[in-house]
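K.L.:
the sequence isn't on hand, but the structure is:
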């Protein structure tokens, strides 16, 4: 029926005939032709709607297509690992808040505030990310503690984070299909302010690091980036490195230190802070 309609339509187009002129065509033939055209158009629409679109398939189906029909335990294993999708950080924001600095500049009471927005690499697969929470104090006889932790807008109980000289634990964070999850936490501890070394545990689209000075003295800083191993060599063996970014954080002020983009796991940065031992000048009226 559709084939005959197509041939008849070509003939009429070739002869320049008016499709709608019922006076020149036998009415049953016109009706039959019109029905055939309608059926043909409907069939085309249905056929286009049924075309295979891999992007409209579920994640498991897309992986089956990628495996090109392979079967066996090795494929089952791969698919199970695929469902354990990794996550990446859309952005990591870290703020070093200096609360106190010792007179000799060898130690500082530091609040490290970290805020991370996490996403799944495979957008339509949900996953759980085990966020590491760890701290250790670098001053003998002192302890460190978690000040607060939030996942989204919900506060997390701090019962599992017992203050002490060191602690390392993980906290599970669920990331739904097509969604992101934000975790924020702050840790207070005594540190050597010249050795603030941080490294990345996951791929991060952006990292922003800043320093906030809540003390009464001005602070100077130097920032370096590289691999963790390279920065440790610099710290422990004074291995030469390119000139650092440097500047100062006035008393009561805040300064952006580092901005990185598309950062792979294993990358690191080192912040070294020193204090001006004389208090910041005060204005008198």
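P.N.:
Cool, the structure landed. Remember, predicted model here, so these are calculated numbers, not experimental data.

K.L.:
how about the nearest residue to residue 169, chain neighbours excluded?
P.N.:
residue 133 (5.3 Å; Cβ to Cβ, 6 or more residues apart in numbering). Every C-beta, even on glycine, is put in place using the N, C-alpha and C of the backbone.

K.L.:
separation between the one you found and residue 247?
P.N.:
30 Å (Cβ to Cβ, to the nearest Å).

K.L.:
now residue 264
P.N.:
Counting by Cβ to Cβ, the separation of residue 264 from residue 247 is 27 Å.

K.L.:
okay, those two: which has more neighbours?
P.N.:
Of the pair residue 264 and residue 247, residue 247 is the one with more neighbours under other Cβ atoms under 10 Å, namely 14 against 10.

K.L.:
what segments of the stretch 151-285 of the chain are strands?
P.N.:
Applying DSSP state E, counting those that start in this stretch to the stretch 151-285 of the chain gives strands spanning 154-155, 166-175, 180-191, 196-199, 204-213, 217-227, 245-249, 254-263, 267-279.

K.L.:
so which of the ones you listed is nearest residue 96?
P.N.:
Nearest to residue 96, of all the strands of the stretch 151-285 of the chain, is strand 204-213, at 4.7 Å by Cβ to Cβ.

K.L.:
just name the shakiest helix or strand of the chain by mean pLDDT.
P.N.:
helix 2-15 (a mean of 58; mean pLDDT, DSSP states H and E).

K.L.:
so residue 214 touches residue 95, yeah?
P.N.:
No. With contact defined as Cβ atoms under 8 Å, residue 214 does not reach residue 95; the gap is 11.2 Å.

K.L.:
who has more neighbours, the two?
P.N.:
The neighbour count for residue 214 versus residue 95, taken as other Cβ under 10 Å, is higher for residue 95 (18 against 15).

K.L.:
and the more buried one, bridged to which residues?
P.N.:
residue 113, residue 210 (DSSP bridges).

K.L.:
okay, it and residue 238: tell me how far apart.
P.N.:
Taking Cβ to Cβ, one finds residue 95 at 29 Å from residue 238.

K.L.:
still on that earlier bit, and the residue nearest to residue 169, what does it touch?
P.N.:
146, 149, 161, 167-171, 185, 187 (Cβ atoms under 8 Å, 6 or more residues apart in numbering).

K.L.:
now restrict those to buried residues only.
P.N.:
Among those, those buried by neighbour count (16 or more other Cβ atoms under 10 Å) are 146, 149, 161, 167, 171, 185, 187.

K.L.:
looking at those, which is nearest residue 74?
P.N.:
Nearest member of the buried ones among the contacts of residue 133 to residue 74, counting by Cβ to Cβ, is residue 171, at 33.7 Å.
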